[in-house]
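Asker: sequence first, predicted coordinates after that:
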Amino acid sequence: MKIEVPGFVAGAIAAGLKKNKGKDLGVIYSEVPACAAAVFTTNQVQAAPVLLDKDRIKSGRAQAIVANSGNANACMGPRGLHDARAMARAAAKAFGIGEELVLVASTGVIGQPLDIAAIEAAVPRLSGKLHPSGLLEVAEAIMTTDTFPKAVSRQTLVGRRRFTVAAVAKGAGMIRPDMATMLCFVCTDVGATPEVLSEALRKAVAGSFNAITVDGDTSTNDTVVVLANGLSDLHLEEGPCAEAFQGVLNEVLSTLALQIVQDGEGATKLVSLEVKGAPSEGHARRVAYAVANSPLVKTALFGEDANWGRIMAAIGCAGVPIDPERVDIFFDTACLVKNGQGCGRKAEAAATRILKTDRFTITIDLKLGSQAATVHTCDLSTDYVKINADYRS
């Protein structure tokens, strides 16, 4: 897979932060200062890189991103901010740019000191190895419990001019909205103002990273950054370009979001929860997340048990009004529950056959209105418990 964007170079190196000695430090660099926008975790416990980036992104400009795995640099007090600034300073010195143009990101274990000396030693070596196809290396370097690197690239014509959007991401556990626990870096050669770029990013995140869940936990480090260097001579203030860019950005982030759920820690199934017939989208979303985050529902999915009673119970715990005697539940096209009651053994057998596949949709019709929402989730397996039980050891 070729992941390149005009005007960007990237690369990764093993700095010695990961126990497995793999790549753990990545850099993305724009040849010119780029318009920048970002979305961050809403967790009240926020890692030092998030705090630093939230301040720097206010300028709407950035030229480099430095990201490490193996350590979250979270819950470290003043030392955490000192180390985050030191990461940025090392990159700024290596590239000869202002420190304020460098954003940082970290992912890994919370509450342990970051080996900033190792990063400071590695950044100069890495800066000389960046190349146009290096985004895939960055995708590999930011992996923690991920089983595969996540990267997407799309090109689109607007008239006779072409623009590119490419993005890399990581995420497998501690995944839920606001945002999902993840890092994501988007590069594009369109031009934009910070306000327009930020609005486009927020719209794309709402339908992608804020519509997935693996385990209902929100991390301290969630960060999505988009850099737009303008080298395509297409600008988001042009109507056709803005519409085309929003569509491509939506597609890119949605693809990455589904890859994250597919790669959920120990996951064996990718499940879409569609709730329709709700009085409002918010109503539908609350029901969808109540089902998607239910450990009892998720373990039944792993066990391939068409236990629809668990779904009904989760719907009733969503904290919004429902009428249990109106609810229908489908597994793909198989109707398992009609008007709040099971459809019998044949229906359960049909649902069980669907449960044995690795990707399917559960549709819940509340019959209370015309609004709908979709959330993507996965099952909860024994491997999830094993991975998280000894994550630090």
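Answerer: Sure, I can see it. Predicted, not measured: the structure shown is a model, and the values here were computed from it.

Asker: for the stretch 51-200 of the chain, give me the ranges with low pLDDT.
Answerer: For the stretch 51-200 of the chain, the stretches with pLDDT under 70 are 172-181.

Asker: how about the strands in it?
Answerer: 61-69, 102-107, 150-158, 161-170, 183-188 (DSSP state E, counting those that start in this stretch).

Asker: does anything pack onto the third one? Which helices or strands?
Answerer: Yep, that's strand 150-158 we're talking about. Judged by 3 or more CB pairs under 8 Å, 6 or more residues apart in numbering; DSSP states H and E, the packing partners of strand 150-158 are helix 135-141, strand 161-170, helix 239-262. All C-beta spots, glycine's among them, are computed from the backbone N, C-alpha and C.

Asker: determine the longest strand present in the chain.
Answerer: strand 25-40 (DSSP state E).

Asker: now that one: average pLDDT?
Answerer: Regarding strand 25-40, the rounded mean pLDDT is 97.

Asker: in it, which residues are buried?
Answerer: Buried residues in strand 25-40, defined by neighbour count with 16 or more other CB atoms under 10 Å: 25-30, 33-40.

Asker: reformat the helices and strands packed on strand 150-158 as JSON lines; add mean neighbour count and distance to Ala278.
Answerer: JSON lines is the format used below for those (neighbours: other CB atoms under 10 Å; distance: least, CB to CB, whole Å):
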{"stretch": "helix 135-141", "mean neighbour count": "25", "distance to Ala278": "37"}
{"stretch": "strand 161-170", "mean neighbour count": "23", "distance to Ala278": "30"}
{"stretch": "helix 239-262", "mean neighbour count": "20", "distance to Ala278": "22"}
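
Asker: so for Ile110, which of these sits nearest?
Answerer: Nearest of the helices and strands packed on strand 150-158 to Ile110, taken as CB to CB: strand 161-170 at 15.5 Å.

Asker: counting by contacts, list what the closest one packs against.
Answerer: helix 135-141, strand 150-158, strand 183-188, helix 239-262.

Asker: hmm, 10 Å instead?
Answerer: On a contact count with 3 or more CB pairs under 10 Å, 6 or more residues apart in numbering; DSSP states H and E, strand 161-170 meets strand 8-13, strand 61-69, helix 135-141, strand 150-158, strand 183-188, strand 223-228, helix 239-262.

Asker: could you dump those to JSON lines with distance to Ile116?
Answerer: Below are those laid out as JSON lines (distance: least, CB to CB, whole Å):
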{"stretch": "strand 8-13", "distance to Ile116": "15"}
{"stretch": "strand 61-69", "distance to Ile116": "10"}
{"stretch": "helix 135-141", "distance to Ile116": "17"}
{"stretch": "strand 150-158", "distance to Ile116": "27"}
{"stretch": "strand 183-188", "distance to Ile116": "19"}
{"stretch": "strand 223-228", "distance to Ile116": "19"}
{"stretch": "helix 239-262", "distance to Ile116": "28"}
